[in-house]
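[1] okay, predicted coordinates and the sequence, questions at the end:
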Amino acid sequence: MSMFRTVLRNEDMDRKQLKLTKSTFEYLSDEASDSVRSVTRGMLLYEMAMMFSDSLTDEIEEKEERVNERLESHTDTSFRCGVDSVKVRNEDGSFPSQSIIDPNDDLTDSLINIYLPVSVQEHLEDEWGQRYWAEKVDDLVIDYIDSAFESRYDRYQCKEDLIAYIEDDEYPDHEVARSIVEGSANRYTTSDLHSVLEEDKWWLAGDLSYNDIIDRAEEEFDSNTPLETKIDVAAEILDRHAEQREMEMPRKLAVSLITKVFNVSESYVENEYLPQIELPDYSGEDEEDGESIDYMERCLNAKEQLVKFLEDNNRESDKDKIERMNAANVCMVEKDDIEELDGLEEQEARNEKIQEIIDKGSKSNTFVLQQQSSIHMELIENLSSELE
C-alpha cells in the first residue's frame, strides 16, 4: 500500500515554468501517472521540498514536529535526524537514484509547467535563485528516490511505531521501524540507529551489575521519567540482584530496593510497580514443629530489620552498604552454607551442616556494625534449636 500522502496549503497555486534534466522530468512524469498515487508533478515536488526543508511548514509538518518531540524525549535529536535520513539501497549496496537520475543529462527541450503554492514557490526562489532550479530539483528528486520514506506521513508512521516500541514494547508494523529495531540493515541504512536505540535501554547492557544500574538510575531518573521506564529498570535491578547473589527475590526485599532507588513510598511500589513485575519464590524448605522453615528467608528478614534500624538512626551510609550486601553475609554466615542447609532433607545431614555453620561462628568478613552481633546470635540460636 502506498504511504504517499500530502496536504497542500490552503492558498492559491502559481505556475512555475522551468526546464529540467530529462531523467528528472521522466521520473516526475512517471510517478505522477501512477494510478495508485493520483498526484501531479507539482504535488510531488511540493512534498519533496517539504520533506527536505527545515524552513517550510504546513499541517503535516506540525504533526510530525509533535511526534519528533516525543521521540527525542526518549532518545535525542541526533537519533530523530538519523531516522529522517534513512536511505534505501540496492542489493549491490548502491542507491536507487544512481540508475534513475543523471544530473549531467541534457535539459528538456521545452519549458515544463509545475504548479506550486504561491508561498512555497516564493520561498524556493529566495532560497535557490532563479537560475538554479534544475539543479536544485535534481537534488530533491535524488534525495527523495533514495529516501526510505514515500512521504512525511510515511516517516511519521515510522516514528509512531518506534515510540510504541520504546514505551510499550510493541513490535513495529512499519518496515523501516522494524529494520531499526531488529538491526537488519540489508535494505535500509539503519545499523547505527539500531545501536542507538538499544543504548536507549541502557539497563539491558550485559556488562552492568545491578549496582551499576542503581547508580545510573538514581543519577538520571526524575519525576519526568515515564513510570513504564522505571518499572522496566526496577525489574532488571531485581533480576540482576537475584542472579548476582544467586538467590531468589523476596517481596519485602523487592519493595525495599525499589523504594530506595526511585524515592517512592512502599505502598506506591506495592500498587504500581510489583503488579507488573514477576518475582520468583524461594523453594527451599524444611520442617520444624510441622511448619516450613527457610533459613535464607530468616537472613533476609534479619537484613530488613537491620536496614530499618540504621534508617531510623540516620545512619544512611551504613544502611546503603547493608542494602547491597548478601543477606547471609549480614547475618555473618556463608550464603552457600545456608543454601545447602535449606536444600537438605535428612535430619542427620542437616544436623552436621548446622554444627558446621555454628563452628564457623563470626569468621565471615562483613561490615562491623553494633547490631550485627545480635543478628548473628539470633540466627545461631535458631539453628541450635533445631539440634535439640
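    Alright, I've got the coordinates. All values derive from a computational prediction rather than experimental measurement.

[2] average pLDDT across stretch 86-104?
    Mean pLDDT, stretch 86-104: 90.

[3] ends of that stretch, what's the gap?
    This stretch, stretch 86-104, spans 26 Å end to end (Cα to Cα, to the nearest Å).

[4] same thing with stretch 94-113?
    Stretch 94-113 has an end-to-end distance of 32 Å (Cα to Cα).

[5] so how far is that stretch off the chain centroid?
    Centroid separation for stretch 94-113 versus its chain: 42 Å, with Cα atoms, centre = their mean, to the nearest Å.

[6] equivalent analysis for stretch 294-307, please.
    Its chain's C-alpha centre and that of stretch 294-307 lie 34 Å apart, by Cα atoms, centre = their mean.

[7] avg pLDDT for it?
    Computed over stretch 294-307, the average pLDDT equals 78.

[8] what residues of it count as buried?
    Neighbour counts over stretch 294-307 (16 or more other Cβ atoms under 10 Å) mark 294-304, 306-307 as buried. The C-beta positions use only the backbone N, C-alpha and C, and glycine is treated the same way.

[9] filter the residues you listed down to the ones in helices?
    Tyr295, Met296, Glu297, Arg298, Cys299, Leu300, Asn301, Ala302, Lys303, Glu304, Leu306, Val307 (DSSP state H).

[10] got phi/psi on Asn113?
    Per-residue torsions, Asn113: phi -90, psi 120 (degrees, to the nearest 10).

[11] can you verify my assumption that it contacts Lys19?
    No: the pair Asn113 / Lys19 is not scored as a contact, 11.4 Å apart, by Cβ atoms under 8 Å.

[12] which residue is nearest the middle of this protein?
    Lys201 (3.6 Å; Cα atoms, centre = their mean).

[13] who's in contact with that residue?
    Shown in contact with Lys201 (Cβ atoms under 8 Å, 6 or more residues apart in numbering): Ile166, Asp232.

[14] quick one: least confident helix or strand in this structure?
    In the chain, the helix or strand scored least confidently by mean pLDDT, DSSP states H and E is strand 286-288, which has a mean of 40.

[15] can you tell me the closest non-neighbouring residue to Arg187?
    Val88 (6.2 Å; Cβ to Cβ, 6 or more residues apart in numbering).

[16] also Ile380?
    Closest residue to Ile380 apart from its sequence neighbours, by Cβ to Cβ, 6+ apart: Ile358 at 5.9 Å.

[17] which parts of the stretch 1-150 of the chain are strands?
    For the stretch 1-150 of the chain, the strands defined by DSSP state E, counting those that start in this stretch occupy 13-18, 112-117.

[18] which one, of those strands, ends up nearest to Lys260?
    Lys260 lies closest, by Cβ to Cβ, to one member of the strands of the stretch 1-150 of the chain: strand 112-117, at 57.9 Å.
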